[in-house]
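Engineer: fold the following for me, if possible:
(4 chains)
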Protein chains: 2
Amino acid sequence: MPVAELPITATGGCCAPATREPLSAEKAQTLARSLKAIADPARLRLVSIVAASGDGEVCVCDLTEPVGLSQPTVSHHLKVLVDAGILHREKRGTWAYFSLVPGALDSLAGMLSTV
Amino acid sequence: MPVAELPITATGGCCAPATREPLSAEKAQTLARSLKAIADPARLRLVSIVAASGDGEVCVCDLTEPVGLSQPTVSHHLKVLVDAGILHREKRGTWAYFSLVPGALDSLAGMLSTV
DNA sequence: CCACCATATCGACGTTTGTCAATGTCTGTG
DNA sequence: CACAGACATTGACAAACGTCGATATGGTGG
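Structural biologist: Modelled structure (predicted):
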């Protein structure tokens, strides 16, 4: 499930109870899936490289060498990140350009700190 | 490595360059290790239950039933969370009480959103 | 001291994950 | 059209992971 579709927990609301409700099994499942997508050193570095790039767009050929992994492996990691809604893929001609989905990481971070 | 020991990235500093440096392999490795610790539905629920408890302390016997897992499995997950610096274990008599390490999840969330 | 209870550890098992080589697909070029 | 280059997909394999039953440990109460 893309990060953007994850339900936001009770924004606003003046009277949150002192003891919150624990996560349901389903919400824990979906949140864990998103976190698993980013909880990998290679994928963290890939996301980091995309985020650090000046124009916010990187093609696979620019990613293979910095992480020191084969092209199929990098492609696999990118697919995981795209499926999780963290990266966006845009194919132009022969190349595929990847960019950060705005707010995706922040959304994940927010849900993590309110678990 | 406990979350508390993870280096904080460049707090302050007025002149961060426009394009940040990508994560080093070592930092990606340690951050991934911490994220993996929390990126599991059972562990998310365990942390959630501890966080939602009124007095902030829960013993294992109170955790086994809500997550629907065997006692050894719950004990294993709790060990992972303690080793990651997310939960704190205090043994009093026969029982072991678990509590959230203050700021651990927030620290993780912060590093996640600045990757 | 012995039996009991809560918890931790061990050993085993099936599943998932990360990785690569080989191959497929599509696009631009000679 | 044939070829080359960029990327995706497939298949295979080892390593890591989640889970449980059995067992060990260590404090409590009779």
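Engineer: briefly note if the helix or strand containing A:Ala32 comes near DNA strand D.
Structural biologist: Using DSSP states H and E, A:Ala32 falls within helix A:25-38. No: Helix A:25-38 lies apart from DNA strand D when judged by Cβ under 7 Å from any atom of the strand; the minimum separation is 8.4 Å. No exception for glycine: its C-beta is placed from N, CA and C like everyone else's.
Engineer: so which elements touch that helix?
Structural biologist: Helix A:25-38 sits against helix A:41-52, helix A:71-83, helix A:104-113, helix B:25-38, helix B:41-52, with contacts defined as 3 or more Cβ pairs under 8 Å, 6 or more residues apart in numbering or on different chains; DSSP states H and E.
Engineer: now stretch A:84-99: how far from the chain's centre is it?
Structural biologist: 14 Å (Cα atoms, centre = their mean, to the nearest Å).
Engineer: C-alpha coordinates for it, CSV please?
Structural biologist: The C-alpha trace of stretch A:84-99 is given here as CSV (Å, rounded to 0.1, in the frame of the first residue of the first chain):
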residue,chain,number,x,y,z
ALA,A,84,5.6,1.4,-1.2
GLY,A,85,4.8,4.9,-2.4
ILE,A,86,8.1,6.3,-1.4
LEU,A,87,9.6,6.9,-4.8
HIS,A,88,8.0,7.9,-8.1
ARG,A,89,9.1,6.4,-11.4
GLU,A,90,8.9,8.3,-14.7
LYS,A,91,10.1,6.7,-17.9
ARG,A,92,11.3,9.1,-20.6
GLY,A,93,12.7,7.4,-23.7
THR,A,94,15.2,4.8,-22.8
TRP,A,95,15.8,6.1,-19.2
ALA,A,96,13.7,5.8,-16.1
TYR,A,97,13.9,8.8,-13.7
PHE,A,98,13.1,8.4,-10.0
SER,A,99,12.1,11.1,-7.6
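Engineer: dump the residue contacts of the residue nearest the centre of chain A.
Structural biologist: The centroid of chain A falls nearest to A:Ile86 when counting by Cα atoms, centre = their mean (2.9 Å). By Cβ atoms under 8 Å, 6 or more residues apart in numbering or on different chains, the residues touching A:Ile86 are A:3, A:34, A:37-38, A:47, A:100-101, A:104-105, A:108.
Engineer: rerun that using 7 Å as the cut-off
Structural biologist: Residues counted as contacts of A:Ile86 (Cβ atoms under 7 Å, 6 or more residues apart in numbering or on different chains) are A:3, A:37-38, A:47, A:101, A:104-105.
Engineer: equivalent analysis for A:Leu23, please.
Structural biologist: With Cβ under 7 Å, 6+ apart, A:Leu23 has these contacts: A:115, B:44-45, B:48.
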